[in-house]
Every structure is written in C-alpha cells, then in structure tokens.
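Chemist: What would the 3D arrangement of this be:
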Amino acid sequence: MRAAAISTPKLDKMPGMFFSANPKELKGTTHSLLDDKTQKRRPKTFGMDMKAYLRSMIPHLESGMKSSKSKDILSAAEVMQWSLSLEKLLANQTGQNVFGSFLKSEFSEENIEFWLACEDYKKTESDLLSCKAEEIYKAFVHSDAAKQINIDFRTRESTAKKIKAPTPTCFDEAQKVIYTLMEKDSYPRFLKSDIYLNLLNDLQANSLK
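Modeler: Numbers count the residues shown, from 1 in each chain. Below you'll find the model as predicted:
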C-alpha cells in the first residue's frame, strides 16, 4: 500500500495556533498572546478554508502525483491510529493540526491551544518561566482572558497562586482538566466529523491507486 505524502504544517502557521514552540522567542517580541476577544467571530468561508487546508495536506490527490518516501508521509493506517485515543492523536503533529481545525470550527480552539502552550511551557528555560507563565495565565486562565478556558473556580484560583512562584508544573492541574474535557466532549465528535472522515477516506482511496 502506498502512503499519501504531505507537507506537515507547522503549528505557528495554523489558524489559531499562535503559541511559539521556541521559549527564546519570548525575548524581543512584541506579539502577545492576548488577542482581541472578537476573534471568536468566524468568517462564513471557514468551511471552504478547511477544505482548502485538507487539500494542501494531500495535494497529490488533486494532481494524481505519486507519493514519495520521506519522513513526512501520512498514511491511512496512521490516521486510523488517531481513533484509538486522544493521546495518540495529540502525539502526532498533523493530528494536532487537524484536531485544532476541528475545534476551531466548533469555536473551542482555545482548549488545544492551551494544552499545547502547557506542553511548550514545560520545556521552558528557568529564566523564562515567570514571563511565559504570566502570558499563558492572562491569555487562557484569567477571568478576563481573551481565550478563557472552561475550568472550575478552584482550579483557576489554584493556578493563579502557583504562577506567583512558577515551576514547570504549575499549569498541570488546569491542563489535565482541559485534556479530560477534550477527551470526553470534542474528541468523540471529531472522530465522526467530516474533517476526520474525509481525510481518512481520501488516504484510503489513494492507497488503492
């Protein structure tokens, strides 16, 4: 079976995926995590944009090009693995991007953005912890956050206290709450969505050529 070759998009190029994967980029940058709250208003063309994105992931399906062997190959078998658990989905770069696009269509992309921000935060150099913790807190956790995540009052207050003396694990409690929310709510719908099923069907059909 032949696998479909794709060019895996980087998170910072994905719609809504604004969190830097490089902790050092926090120095000297004027970009803030605090986006305008009006960004929740989605353009009517989002569905068309999603189709264009999926086509860009597997362009040879449009052109009839044969896939080539490389490290950036996405196969139907790999996409099927995403259905085994949310953990397997999020462990895959393309899986993160596709799931993120699905969450954007449901106006809840802040969940994966926060989860990814927490994963990145854990790798942050100690001298940057305070700065980055404050940005994540203001962007996602604060009661007036532009992309406020859905966590209980106790977890919100506990996180606020932890960032006053930040450690690599100060967001773990809130991250776990959001992971569970995605796992029980968004993830099951994602597996039944056109975004996921169309990608899987295209890859399966291409493998038969």
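
Chemist: In contact with Leu89, which residues?
Modeler: Leu89 makes contact with Trp82, Gly95, Gln96, Phe99, Tyr187, Phe190, according to CB atoms under 8 Å, 6 or more residues apart in numbering. (Glycine included, C-beta is placed from N, CA and C.)

Chemist: Let's see which of these end up in helices.
Modeler: The helices, defined by DSSP state H, take in Gly95, Gln96, Phe99, Tyr187, Phe190 from these.

Chemist: how about the helices in this structure?
Modeler: Using DSSP H, helices in the chain cover 46-57, 60-63, 76-81, 86-90, 93-105, 110-121, 129-136, 153-162, 172-181, 187-191, 194-207.

Chemist: Just tell me which of those ends up closest to Asp144.
Modeler: Comparing the helices of the chain against Asp144 with CB to CB, the closest turns out to be helix 153-162 (11.7 Å).

Chemist: In that closest one, which of the residues would be classed as buried?
Modeler: Residues of helix 153-162 classed as buried: Thr155, Arg156, Thr159, Lys162 (neighbour count, 16 or more other CB atoms under 10 Å).

Chemist: Then stretch 170-190?
Modeler: Cys170, Phe171, Ala174, Gln175, Val177, Ile178, Tyr179, Leu181, Met182, Ser186, Tyr187, Phe190.

Chemist: Then stretch 190-209?
Modeler: Phe190, Ser193, Ile195, Tyr196, Leu199, Leu200, Asp202, Leu203, Gln204, Asn206.

Chemist: Identify the residue spatially nearest to the fourth one, adjacent ones excluded.
Modeler: Beyond its immediate neighbours in the sequence, the residue positioned closest to Tyr196 (CB to CB, 6 or more residues apart in numbering) is Phe190, lying 5.6 Å away.

Chemist: Which pLDDT value belongs to the one you found?
Modeler: pLDDT recorded at Phe190 is 98.

Chemist: Same check on Leu208?
Modeler: 78.

Chemist: re earlier: out of the buried residues of stretch 170-190, which comes closest to Val141?
Modeler: Set against Val141, the nearest of the buried residues of stretch 170-190 by CB to CB is Ala174 (6.3 Å).

Chemist: worst-scoring helix or strand of this structure, pLDDT-wise?
Modeler: In the chain, the helix or strand scored least confidently by mean pLDDT, DSSP states H and E is helix 60-63, which has a mean of 40.
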